[in-house]
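Asks: Pasting a predicted model and its sequence here:
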Amino acid sequence: MAGIIQGLESLVSQSAVAGAVLNDDSGTDSEQEEEERSAPISIWDDSQVEKYICSTDGWKKWKCLWCQKSFKNWNATKVVAHLSKTRGRDIAVCKANITGKSHAIFYQNLQDAANKKRKRNYNSKECVLQSIESQQDATVTAISISRREKGQTFFTRNNSNDGRRVLENTSVSTMATPITARDSSVASTKPPPRSMMQLTLDVEAPKSSNELLLTVAIADLIHSCGLPFSLADDPKLTRIIKLARGVASTYKTPTRQDVAGRLLEFNYNQLQARHAERLKADAATYGLALYGDGATVKRMPLLNILASGAHLTTAVLEIVDCSGTYFAKSCDCSYFLFSN
């Protein structure tokens with residue numbers, strides 16, 4: 001114990017000596033620290049940037065006092081890109097000669113911070129997209145396995161007008177069309193016992209003029225169905241559009257019965273299995289935290305049972321209806337973690 005105390009005292013004395021040496025520095029460093037403290041911390045605090053509201057049209061504008069140009073909208077990211085002369089940010093760079101080293105360093109530091117934030121956001125978005133793709137791919141695999149085992153065809157929708165039938169395993173660029181004796185020139189007088197299937201190519205090419213129509217259709221879906229506006233930035237919507245590029249124009253969306261039935265069951269099972277796997281990873285070392293909160297929906301007392309692990313911050317184990325019973329008698333979540 002005495003040796004430990006002596007070691008701590010020596011560390012304290014060394015820290016005090018180091019602090020004295022740092023404090024006994026030249027006046028140049030003191031001036032530099034004073035300059036850093038007086039430097040603006042936001043681009044709007046810079047003396048060469050002026051924010052104002054136009055009295056004629058009411059637009060929020062800002063003016064660069066270096067090049068004397070005005071721009072619409074108070075967008076700090078674009079202001080930094082303009083002053084740091086960074087191209088490719090949807091704004092013209094400042095063509096004036098920025099005098100003063102402190103201003104140039106300040107602008108460049110803000111731009112470097114913006115680039116790091118952009119990179120973090122990009123990496124985070126890529127992780128989310130990979131997670132979505134892996135979860136949806138697992139659901140597709142489970143559906144295919146179940147279809148092969150039961151010998152059933154899932155999620156088909158018939159069109160009584162032309163007799164066409166679109167299956168979930170239709171090729172990306174083909175569709176299946178039945179040939180009957182009436183519309184086939186090589187059909188015999190005796191109809192075949194089963195309809196033959198002919199693969200026809202979908203030759204409709206994408207058109208740039210349809211981009212506005214697609215944008216309006218997405219906005220109309222969000223507005224008319226009362227969906228949150230944040231859906232427009234959801235990576236799952238981006239994946240839907242990406243996958244839609246590779247299917248035939250005759251693709252039929254799943255029915256509401258499929259969405260509310262078998263598709264919901266498959267998605268739920270895959271998500272719960274994925275959560276269980278991530279919760280049990282390193283659980284013997286770091287442990288698990290079980291917690292929850294209550295809610296009342298139409299006079300129905302509900303209890304959300306949640307869990308947190310080393311690799312998953314939040315997972316919903318179960319939502320329990322506590323009407324007319326005790327929680328201890330109505331819920332046992334141990335099966336979720338140990339039976340999967």
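Replies: Great, that's in hand. Numbering: from 1, shown residues only.

Asks: how about low-confidence regions in this structure?
Replies: 1-40, 150-206, 325-340 (pLDDT under 70).

Asks: Break down it into its strands, ranges please.
Replies: 49-53, 60-64, 69-72, 157-158, 165-166, 174-179, 196-201, 289-297, 300-308, 315-321 (DSSP state E).

Asks: could the ones you listed go into JSON lines alongside mean neighbour count?
Replies: Where you see a C-beta, it was placed from the backbone N, CA and C, and this is true even at glycine. As requested, the strands of the chain are arranged in JSON lines below (neighbours: other C-beta atoms under 10 Å):
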{"stretch": "strand 49-53", "mean neighbour count": "13"}
{"stretch": "strand 60-64", "mean neighbour count": "17"}
{"stretch": "strand 69-72", "mean neighbour count": "14"}
{"stretch": "strand 157-158", "mean neighbour count": "12"}
{"stretch": "strand 165-166", "mean neighbour count": "18"}
{"stretch": "strand 174-179", "mean neighbour count": "17"}
{"stretch": "strand 196-201", "mean neighbour count": "11"}
{"stretch": "strand 289-297", "mean neighbour count": "11"}
{"stretch": "strand 300-308", "mean neighbour count": "16"}
{"stretch": "strand 315-321", "mean neighbour count": "17"}
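
Asks: With distance to H275 as extra columns, can I get these in CSV?
Replies: Formatted as CSV, the strands of the chain follow (distance: least, C-beta to C-beta, whole Å):
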stretch, distance to H275
strand 49-53, 47
strand 60-64, 44
strand 69-72, 46
strand 157-158, 31
strand 165-166, 33
strand 174-179, 37
strand 196-201, 40
strand 289-297, 13
strand 300-308, 8
strand 315-321, 4
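
Asks: closest to N269 out of the ones you listed?
Replies: strand 315-321 (14.0 Å; C-beta to C-beta).

Asks: Where is the longest helix in the chain?
Replies: Ranked by residue count and defined by DSSP state H, the top helix of the chain is helix 101-150.

Asks: Which neighbouring elements make contact with it?
Replies: helix 76-83, helix 235-244, helix 262-280 (3 or more C-beta pairs under 8 Å, 6 or more residues apart in numbering; DSSP states H and E).

Asks: Burial-wise, tell me which of those comes out on top.
Replies: Of these, the one with the most neighbours on average (mean count of other C-beta atoms under 10 Å) is helix 76-83, at a mean of 22.

Asks: report the angle between the axes of it and helix 101-150?
Replies: If you take axes from the mean of the first three to the mean of the last three C-alpha atoms, to 10 degrees, helix 76-83 sits at 130 degrees to helix 101-150.

Asks: what residues does helix 76-83 touch?
Replies: With contact meaning C-beta atoms under 8 Å, 6 or more residues apart in numbering, helix 76-83 is reached by 42-44, 46, 48-49, 62, 64, 66, 71, 86, 89-94, 98, 107, 110-111, 114.

Asks: what's the answer for stretch 286-302, then?
Replies: 279, 303-310, 317, 319-323, 333, 337.

Asks: give me that answer again for 7 Å
Replies: For stretch 286-302, the external contacting residues (C-beta atoms under 7 Å, 6 or more residues apart in numbering) are 279, 303-310, 319-323.

Asks: got the end-to-end distance for it?
Replies: Taking C-alpha to C-alpha, to the nearest Å, stretch 286-302 runs 29 Å from one end to the other.

Asks: Skip the chain neighbours and tell me the closest residue to A244.
Replies: What sits nearest to A244 in space, not counting adjacent residues and going by C-beta to C-beta, 6 or more residues apart in numbering, is Y251, at 7.8 Å.

Asks: Could you identify the most distant pair in the contacts of stretch 286-302?
Replies: Taking C-beta to C-beta as the measure, these span a maximum distance of 35.0 Å, between A310 and S323.

Asks: Among the two, which residue is more densely surrounded?
Replies: Ranked by neighbour count (other C-beta atoms under 10 Å), A310 and S323 place A310 first, with 14 against 10.

Asks: Distance check, the nearest residue to that one once chain neighbours are set aside against C94.
Replies: Excluding the flanking residues, the one nearest A310 by C-beta to C-beta, 6+ apart is Y286, at 4.2 Å. Noted for Y286: a distance of 51 Å to C94, by C-beta to C-beta, to the nearest Å.

Asks: Please consider this matter closed, and thank you.
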